[in-house]
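Novice: Sequence first, predicted model second:
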Amino acid sequence: MTQLPQPAQPDHCVSLDEIANQLVAGLMSPHAAISPKYLYDVLGSRLFAAICELPEYYPTRTEAAIFEQHAAHIADAVGRGATLIDLGAGNCAKAARLFPALQPRQYVPIDISAKFLQEAVTCLQHQFPQIEMTCLGMDFSAGLELPASVPDERRQFFYPGSSIGNFTPLDALMFLQRIRKAIRPGDSGSGLLIGVDLIKDKAILDAAYDDALGVTAAFNLNLLLHVNRLLDADFRLSDWRHRGFYNAGQQRIEMHLEARSDVTVCWQNGGIRHFAQGDWIHTENSYKYTQHGFVDLLQQAGFGNVQSWCDPRQWFMVCHAQA
Ligand code: AVI
């Protein structure tokens, strides 16, 4: 099985040459792969938002229901009046729904797309004038150096949406360790609030990543349009088919694009690759955890005192872990 290039977050800080080199290396590898970060151009981000509305894609609404049902207990664990650091905040909607319960003193949303983030925060600041808001446009997957304007005590990191699943378990461990290191040793008022998707029936997982409406297929195929722009390549959507399924042995969803016939793809500076009918390009992994397995990972990363909340079907888990 191919290991996909990580991280899953878009990284617009690297040069166009580096992007091209990374893409070409993935396309030329014996098991062709394209990093999932290229799923999220403007259209891809909109398609992902549409995925979150699909009946089959349970994670978003299941996590929201857990936050709603257990808001008071979650707030007890996190502590009111902390600095809430939202990793990959996007439109800040998930954190905003928690503001009434958590009553953060300061809100620090971090996202690679600084402009989009600033617009969201300007709106939010009107709604919650009592919360100090500091927007950070940065690629947190590359490092978590926070500026001096973010107090180094009572830091509560927020990483919802089961985005941790888009890292390999080893990369997830290293990412959790980086968060742990961004917390002052012995500061029991600091911690991490994180959403994790759990292992469940294969049919439910398969449907969530290969929906009847074909939105996930469009999300996956749109990657090729993005690569065409980045690499001046000539992928044709009609040559490729979406594959999304649960690989129980690896405890992960895999997304691939499968060649419908023999295909030749060309790109800038004479780059070329032939794909035979049935060949795959690996585009994303989404790891699923057992409750015990994820708590174990948090502990390995140096977190303690883990509390968790699940939905009644035990499909999704929200954890709070202390530093
Ligand atoms: C962003 N991430 C948590 C999603 C997931 O479920 O792994 C990405 C996604 N890929 C296909 N559908 C959703």
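Specialist: Arrived safely, thanks for sending.

Novice: low pLDDT regions in the stretch 1-150 of the chain?
Specialist: For the stretch 1-150 of the chain, applying pLDDT under 70 flags the ranges 1-14.

Novice: what do you get if the cut-off is 50, keeping everything else the same?
Specialist: Low-confidence segments of the stretch 1-150 of the chain (pLDDT under 50): 1-12.

Novice: got a list of what Gln106 touches?
Specialist: By Cβ atoms under 8 Å, 6 or more residues apart in numbering, the contact set of Gln106 is Thr83, Leu84, Ile131, Glu132, Met133, Thr134, Val150, Pro151. The C-beta positions use only the backbone N, C-alpha and C, and glycine is treated the same way.

Novice: Just give the nearest non-adjacent residue to the first one, would you?
Specialist: Among residues not flanking Thr83 along the chain, Gln106 sits closest, at 4.3 Å (Cβ to Cβ, 6 or more residues apart in numbering).

Novice: Nearest to the ligand among the contacts of Gln106?
Specialist: Leu84 (19.8 Å; Cβ to the nearest ligand atom).

Novice: so the closest one sits in a strand?
Specialist: Yes. Under DSSP: H, G, I helix; E, B strand; the rest coil, Leu84 sits within a strand.

Novice: The ligand contacts on the stretch 151-300 of the chain?
Specialist: The stretch 151-300 of the chain comes close to the ligand at residues Gly161, Ser162, Ser163, Gly165, Asn166, Tyr209, Thr216, Glu284, Ser286, as judged by Cβ under 6 Å from any ligand atom.

Novice: Just say helix, strand or coil for the first one.
Specialist: Looking back up the chat, that one is Gly161. Of the three states, Gly161 takes coil according to three-state DSSP.

Novice: I figured it hits Val196, correct?
Specialist: No. Contact status for Gly161 versus Val196: not in contact, 9.8 Å apart, counting by Cβ atoms under 8 Å.

Novice: Looking at these two now, which is surrounded by more residues?
Specialist: Neighbour totals were compared for Gly161 and Val196, and Val196 leads with 30 against 19 (other Cβ atoms under 10 Å).

Novice: Give me the sheet partners of the host helix or strand of the more buried one and which way each runs.
Specialist: In this structure, Val196 sits in strand 191-197 according to DSSP states H and E. Sheet partners assigned to strand 191-197 using DSSP bridges are listed as strand 155-159 (parallel), strand 316-322 (antiparallel).

Novice: Keeping just the C-alphas, turn it into CSV.
Specialist: Below are the C-alpha coordinates for strand 191-197, written out as CSV (Å, rounded to 0.1, in the frame of the first residue of the first chain):
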residue,chain,number,x,y,z
GLY,A,191,-5.1,20.8,26.8
LEU,A,192,-6.5,19.5,23.6
LEU,A,193,-10.1,19.1,22.5
ILE,A,194,-10.2,16.8,19.5
GLY,A,195,-12.7,14.9,17.3
VAL,A,196,-11.9,11.4,16.1
ASP,A,197,-13.8,9.0,13.8
